[in-house]
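Asker: What follows is a predicted protein model with its sequence.
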Amino acid sequence: MSAFKPVTPPGKRVALVMGNAAYVNAPKLDNTIADARIMRDVLTRLGFEVIYGENLDRRAMGRHIGEFGSIVRDAEAAIVYFAGHGSTFSDVPYVVPVDARYDKLADIPSELVQVESMVSELRRARGVRLVILDACRDNEVEVQLKRREAALRGEATRGGGATRGLARLQNPDGLIVVYSTQHLTTAADGIPGQNSPFTEALARNLLTPGMDIKDVLFRAGQEVISRSGGMQRPEISISLYEPFVLAR
């Protein structure tokens, strides 16, 4: 990728990139910081102004989302990327700050960050709007909370398990939404110290000159499926019908 020469884009491009790994009350992650950094670097090469943060607590995540919201209006292309833990409660997808606690379900709205809070800022862009969530890693703390709450209600979790990963956004209209793996499943973190299979494939393909963004995403997804032997299948929701090229 070092040979790639950035070209001044014809329109405004902005991105919010966040990676969390050093969790206090959930399992730490090996590769999410490396994932966020490679996405930051690739998007910078593609002419994006990048709001970047790593190992963010809830307050810091709010500040970064607000800063992104202040620059995204009328952008030709806008991207939100998050690598870290993702959770689903009551069919609402959340991303997880490093200081989040999983004590009881009633605390979840004040402890986690709704994916929709990032997407609502993204909707201010006038052009291509892309949400990329590499946020479906295993989180046993989340699973145990769901099991405890189910037991208190006298409910059984099917197969002795609990739902994992991220639920789909309720209103994806006008967006491209990319999940590192299928609905309510979990993704591989990859070899410690390297990138996740999903972000590695995505970052490399984003730099392909002249390729429509939809083809970039499908190619990256196909690579992940092939390399995982079908165990991990990225999910892509597209509400964009016009072609758009990032690497010109």
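Answerer: Perfect, thanks for sending it.
Asker: Let me know the pLDDT of the nearest residue in space to Ala75 that is not next to it in sequence.
Answerer: By the measure of C-beta to C-beta, 6 or more residues apart in numbering, the closest residue to Ala75 outside its immediate chain neighbours is Ala125, 4.1 Å from it. The way it works is simple: take the backbone N, C-alpha and C, and place the C-beta from them, glycine included. Ala125 is assigned 94 on the pLDDT scale.
Asker: quick one, strands of the protein?
Answerer: 13-19, 49-54, 77-83, 86-89, 92-95, 113-114, 128-134, 176-179, 235-238 (DSSP state E).
Asker: Adding mean pLDDT, write these out as CSV.
Answerer: Conversion of the strands of the chain to CSV gives the following (pLDDT from 0 to 100):
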stretch, mean pLDDT
strand 13-19, 98
strand 49-54, 98
strand 77-83, 97
strand 86-89, 84
strand 92-95, 89
strand 113-114, 94
strand 128-134, 93
strand 176-179, 91
strand 235-238, 89
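Asker: Leu112 reaches Pro93, doesn't it?
Answerer: No. Contact between Leu112 and Pro93 fails when scored by C-beta atoms under 8 Å: they sit 9.5 Å apart.
Asker: what do these two both touch?
Answerer: Ser87 (C-beta atoms under 8 Å, 6 or more residues apart in numbering).
Asker: okay, and the helix or strand of this structure with the least pLDDT?
Answerer: Sorting the helices and strands of the chain by mean pLDDT, DSSP states H and E puts helix 140-152 at the bottom, at a mean of 66.
Asker: Need the strands of the chain in CSV (columns: distance to Ser120 and mean neighbour count).
Answerer: Output for the strands of the chain, formatted as CSV (distance: least, C-beta to C-beta, whole Å; neighbours: other C-beta atoms under 10 Å):
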stretch, distance to Ser120, mean neighbour count
strand 13-19, 12, 26
strand 49-54, 15, 18
strand 77-83, 10, 28
strand 86-89, 17, 23
strand 92-95, 13, 23
strand 113-114, 9, 18
strand 128-134, 11, 24
strand 176-179, 14, 23
strand 235-238, 17, 15
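Asker: so can I have TSV of those strands showing distance to Arg40?
Answerer: TSV is the format used below for the strands of the chain (distance: least, C-beta to C-beta, whole Å):
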stretch	distance to Arg40
strand 13-19	5
strand 49-54	5
strand 77-83	8
strand 86-89	19
strand 92-95	17
strand 113-114	19
strand 128-134	12
strand 176-179	17
strand 235-238	22
